[in-house]
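Undergrad: have a look at this prediction, sequence included:
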Amino acid sequence: MLENVLFKSLVLLLPPYFRMPIPGELRQRGRAHSVNRLSNSILFVFSLSIALLGGCSRFRPKPAGQYVYVTAKQTFLRDRVAAVSNRTGTVANGDRLEVLEHGRRFFRVKTVKGEQGWIDEKAVATQDVFDAFQSLGQVHKDDPPVASAVIRDEVNLHLKPGRETDRFYRLAEGDKLQLLQRATLPKPVPGGAIATRPAVKGKPGQPATGLGNDASGIPPIAMEDWWLGRDAHGHTGWLLSRMLDVDAPDTLTRYSEGQKIVGAYLLATVHDDGAEQENKDIPIYLTVLSPYLAGLPYDFDQVRVFTWNVKMHRYETAFREKNIEGYMPVAIGSSKDPYGKSPTAQTALPTFTYRVLAGDAGPVVPDPLTGMVKPGRTIAKTYRLEGNLVRRVQAPGSHDEPEAHPVTVEKKDKGRKKKR
């Protein structure tokens, strides 16, 4: 249809004597001259038609005010989409690029410096993705951090937990990060399947397969933990937990006893002139720890307080509670002795509070869609640091409540040996 219209339009451009009937007496006399002119004109019309028809398929309207944002750490703009091309510019993560043309799997863009070139669409995020990350940052901008971490290797922040979700901001090795929330999802394997573990008989009424946990507390399928983090620039997103380490000094990590430090919190400092460190004000830490296992229905199962022995010039354990189902966040504060019996009763000393799952709360199962772990009823436990001693702080008249405790594989094995 388009070809016929163009051809008829081009024929109208021919001189009139090519469109008028040729008289019989002129046919013989001017045959040779007319044929030459006719051939040249037809050749011109044919060439122009081919050019217009070929160009129609390549006409692309310029997107109005469309922008994309670089997700790669650093990449180059190219002068053409081909195996061999020249670099026309360099862009880095977060750069805003104006879209001039959208080809197949590539954008032709312009930087703020005026550099133009082609870039792979896999190396950029659309405006919708950028706006979604901005909205995520606004929603969580006032969330208090539950722990601080250090990036182990270069990693992208995701919009949601999951490897196939949209990504944008890129963090470098050694960057500091504030952790806000934890989520856990099944670990994918090549082919779209889900990695599984051998099924273990679960508690009564609790499945031994799916996203639930068996009697040992180990999920029956392989899981991945994700953390919602916020960097120093306010960039917020999700990243795999194995890509970060909780920010704790080496002097503490050596006492972790094969467990993972989930959070390390400063309670106070002690001055020791005989310490080997340059800074003689030694920090006293509260740490919460968990096994090196993803998909657990709790954030930590152990709490330890490390105080500094001024005589021995080393850390020592002043408080330890194990076999609990604890949840973030851990609150750090100060208070006076509510009973007023200790020598420092009227002095505000450091306190810490953490929550554990109540004994009647029932099993906790991560949400299969979001991966969020939401426990039932929890019990707040507050302790006060008095020198090198840690004392429980309870309101007068209150009493201890039954708590939930994870059953480890080691304890199960010991129980079976005793029965034998």
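TA: Perfect, I can see it now. Numbers count the residues shown, from 1 in each chain.

Undergrad: how near is the closest residue in space to A404 that isn't next to it in sequence to P190?
TA: Leaving aside its sequence neighbours, A404 sits nearest to L357 (Cβ to Cβ, 6 or more residues apart in numbering; 4.1 Å). In this view, the C-beta of every residue, glycine as well, is placed from N, C-alpha and C. Using Cβ to Cβ, to the nearest Å, L357 is found at 36 Å from P190.

Undergrad: more neighbours: which of these two?
TA: A direct count of neighbours by other Cβ atoms under 10 Å for L357 and P190 places L357 higher, at 24 against 5.

Undergrad: from what I can see that one touches V364, true?
TA: Yes: with contact defined as Cβ atoms under 8 Å, L357 counts as touching V364 (6.8 Å).

Undergrad: what touches both of those two?
TA: The contact sets of L357 and V364 overlap at Y298, E325, P375, G376 (Cβ atoms under 8 Å, 6 or more residues apart in numbering).

Undergrad: could I get the residues you listed as a markdown table with pLDDT?
TA: Below are these laid out as a markdown table (pLDDT from 0 to 100):
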| residue | pLDDT |
| --- | --- |
| Y298 | 94 |
| E325 | 96 |
| P375 | 92 |
| G376 | 90 |
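
Undergrad: what about the residues you listed, which one has the most neighbours?
TA: Result: E325 is most packed of those (other Cβ under 10 Å), 24 neighbours.

Undergrad: how far away is that one from P363?
TA: For E325 relative to P363 (Cβ to Cβ), the value is 10 Å.

Undergrad: and P249, by the same measure?
TA: 36 Å.

Undergrad: what's the answer for D120, then?
TA: Taking Cβ to Cβ, one finds D120 at 46 Å from P363.

Undergrad: identify the contacts common to E325 and P363.
TA: Taking Cβ under 8 Å, 6+ apart as the contact rule, E325 and P363 both touch P297.

Undergrad: spell out which residues make up each domain of the chain.
TA: 67-128, 248-420 (automatic domain parsing).

Undergrad: adding distance to G174, write those out as CSV.
TA: Putting the domains of the chain into CSV (distance: least, Cβ to Cβ, whole Å) gives the following:
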stretch, distance to G174
domain 67-128, 14
domain 248-420, 15
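
Undergrad: which of those has the lowest average pLDDT?
TA: Of all these, mean pLDDT reaches its minimum on domain 248-420 (a mean of 86).

Undergrad: using PDB, write out every CA atom in stretch 162-170.
TA: Extracted in PDB, the C-alpha atoms of stretch 162-170 (Å, rounded to 0.1, in the frame of the first residue of the first chain):
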ATOM      1  CA  GLY A 162      15.800 -11.900  45.200                       C
ATOM      2  CA  ARG A 163      18.500 -12.300  42.600                       C
ATOM      3  CA  GLU A 164      16.300 -11.500  39.600                       C
ATOM      4  CA  THR A 165      14.800  -8.300  41.000                       C
ATOM      5  CA  ASP A 166      15.700  -4.800  39.700                       C
ATOM      6  CA  ARG A 167      19.100  -3.400  40.800                       C
ATOM      7  CA  PHE A 168      20.600   0.000  40.600                       C
ATOM      8  CA  TYR A 169      23.100   1.400  43.200                       C
ATOM      9  CA  ARG A 170      26.500  -0.300  43.400                       C
END
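
Undergrad: which outside residues touch that stretch?
TA: By Cβ under 8 Å, 6+ apart, the residues outside stretch 162-170 that reach it are 69, 71-73, 93-94, 125, 129-130, 132-133, 154-160, 185, 188, 226, 231, 235, 237-238.

Undergrad: okay, now the unreliable bits of the stretch 101-250 of the chain?
TA: Filtered on pLDDT under 70, the stretch 101-250 of the chain yields the residue ranges 191-219.

Undergrad: quick one: the helices in it?
TA: 127-139, 250-253 (DSSP state H, counting those that start in this stretch).

Undergrad: you'd agree F133 is up against T236?
TA: Yes: the criterion here is Cβ under 8 Å, and F133 meets it with T236 at 7.3 Å.
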